[in-house]
Each structure stands twice: as structure tokens, then as C-alpha cells.
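Chemist: how would this look folded up:
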Amino acid sequence: MGKAEVIPQNYELINGFLLSRSVMDCTEMTMKDYRTRLNQFNRFLFASYRDLSLVDVSRNHIETYLMDIKGKGRASWTLRTQYRCLSAFYHWLLEEQFVKESPLQKMKLPRVPKVGKAFLTETQRDRLLSFCPLSTFVGSRTAAMIWLLWTTGMRLSELTGLQISDLDNQGNKIRVFGKGRKERYVPYSKEAKKAVWRYTAYRADTLPQLWLTEERKPMKSAGVQEAFDRIYKRAEIHVKDICHIFRRTWAMRQLKAGVPVRFVQIVGGWENLSTMEIYVRAMQSEDAMREKWV
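Modeler: Below you'll find the predicted structure:
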């Protein structure tokens, strides 16, 4: 189904919402996700209700859409993410006075089963590193990324957005910009510092970005994921969230070492303690730990 097969006004509203989010400095991945999910909803409306405008959508339309997704066998997390996207969109429509109330106003967030997620072991980390030859630009670059993710717990978007000037070699800390461009500092370990130095030894340019492609252009999040995907396949390590798993592993390692939960939350850039509580519960159960480590 092409773009022409929907109400033009609906695309104008979506574009207006995306513009408002770009002003808020949403990450490239977040913007792409918003655009994809809203366009999917828009196409569903055209296929099911033909001339229905986004401003005339009711709770029944939203529930029908979510049921359609569920009926296709999509994971519960997909429903939850779609709900959050539509909630943000209709909250914006409400603020901009396109609608008098949100159709999601009295709806509840779809429940997601609490399923244990995988963590990386040091053995697996070393196996990944073994497929990163330090004698090459790409190998040393990927090794530096692995060490930074392993020792800081930063998000993929934070890693990708690093500038060389963000690295404080004297203070042993790195400045990162998290969600909403919130600034914080994370520790810069000796292992990570050595790995980054090895990588930057191949650099003979003056570009401010830390991560470059082989063509010496700034890397994007998709490029980092592709690089990691190749390493995981070569190492025969099978996990779904190949980059985020480092963040989860970092948090668990800190908690197991006795680091206060509040400190882990602040350094990791989590806005609330809900995620930390999940890690604490997992850590308290030895049986759960044995099942979760891959």
C-alpha cells in the first residue's frame, strides 16, 4: 500500500509530531521508530476504515488495531511499544488542540510477561574480542566499542554519539548525552582507555566524531549494530539484543559487586528504579541467575 492510499491530512499530522520530537533532540533511532509505527497505524486505518482521520480515532479503533497486531502473533513488547508511540502522538495532538481528549486516556498499558533476559559472561566477552584483530582498523575499532559498552553500560545511541572531546583521560571519565540530551559522566576504565587508544592510533584525521567507518565517515547506530552482528555470528553467540545486552550485563555486574542501586541508576542514566528492581530480583535468585546467563 503506497503513501497515496491514505488521507493526506494524516501524514501532515504525523510530520508535525515528528517535527516536534526533532526539536526535543530525540535520537535518530527514536525518530525512525516513531515514523515507522505511526505510518503502520495510518495504513491500518485506511485499510479498515478508509476515510478516517487521525483526529477522529476512538478508543475502539486503537483497541482494534492492537488486537490486529496481537492476532498476527507479534510479541507482547510490540503491543506495548505501539501503545506508547500512539500515546505520545495523541498527547501531542491534545497539546496542539487538534483533539479534545486522547482516545488512550482511559486505556491501560498492555501487560508484558516478566521473562528473564540474557547476560554476557566474561568468557563470551573475551570470545567476541578474539574476533577483533587489533592489527586492523575495523578490529581495533570494534574492540574499543566492546570495552566501552562492557565497562560503562552506556546506550548504543550514547556510544554512537561520542566525540573525541568527550573522553577525559586525566579524570578517567567520559561525557555522554542520554535520552533528552541529558548530560552525565561514566567511568573510563584502563581497559577501555587502552582499547580506544589502540583504535585512534589508526586515525590520521581531524574529525570530531570518535567512531568512523572504513571510508572515514561518521558511523551511525545501524553501522555499529551491523559490525556487532558480524562479530556475534563469527563467535557463534546467539542473543537478540546484541548491543543492549552489554548495558544489562554492566548493571548486574555492579549490583553483584555491592555497588549501591542509586549509584548504578545515576551512572547508567535510568530515570527510575523500576529496571534496577528487576535486576535486584534476578540477582537474589540463584536459580534465576543460572537460567539467565547465556
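Chemist: rest of the way, CA atoms for contacts and neighbours
Modeler: Will do.
Chemist: gap between Cys243 and Asp126?
Modeler: 15 Å (C-alpha to C-alpha, to the nearest Å).
Chemist: How about Glu96?
Modeler: Glu96 is 51 Å from Asp126, by C-alpha to C-alpha.
Chemist: More neighbours: which of these two?
Modeler: Neighbour comparison, Glu96 and Asp126: the larger count goes to Asp126, with 14 against 11 (by other C-alpha atoms under 10 Å).
Chemist: Tell me, how many residues neighbour Leu94?
Modeler: 15.
Chemist: ignore the last one, Gln40
Modeler: Around Gln40 there are 13 other residues, counting by other C-alpha under 10 Å.
Chemist: does Phe89 count as helix, strand or coil?
Modeler: Going by DSSP: H, G, I helix; E, B strand; the rest coil, the secondary structure assigned to Phe89 is helix.
Chemist: One more: Leu93?
Modeler: helix.
Chemist: Check whether it really touches Ser87, as I assumed.
Modeler: No - if you go by C-alpha atoms under 8 Å, Leu93 and Ser87 don't touch, sitting 9.9 Å apart.
Chemist: intersection of neighbour lists for these two?
Modeler: The overlap between the contact sets of Leu93 and Ser87 (C-alpha atoms under 8 Å, 6 or more residues apart in numbering) consists of Ser102.
Chemist: more neighbours, those two?
Modeler: Higher neighbour count among Leu93 and Ser87: Leu93, with 21 against 18, using other C-alpha under 10 Å.
Chemist: Now for the chain, the helix or strand with the poorest mean pLDDT.
Modeler: Least confident helix or strand of the chain, by mean pLDDT, DSSP states H and E, is helix 286-292 with a mean of 42.
Chemist: Show the backbone phi and psi for the residue lying farthest from the centre of the chain.
Modeler: In the chain, the residue that sits farthest from the middle, by C-alpha atoms, centre = their mean, is Asp51; the gap is 34.6 Å. Torsion angles at Asp51 (phi, psi; degrees, to the nearest 10) stand at phi -100, psi 20.
Chemist: And the one 5 residues further on, by the same measure?
Modeler: Note on Asp56: backbone dihedrals following degrees, to the nearest 10 are phi -100, psi 10.
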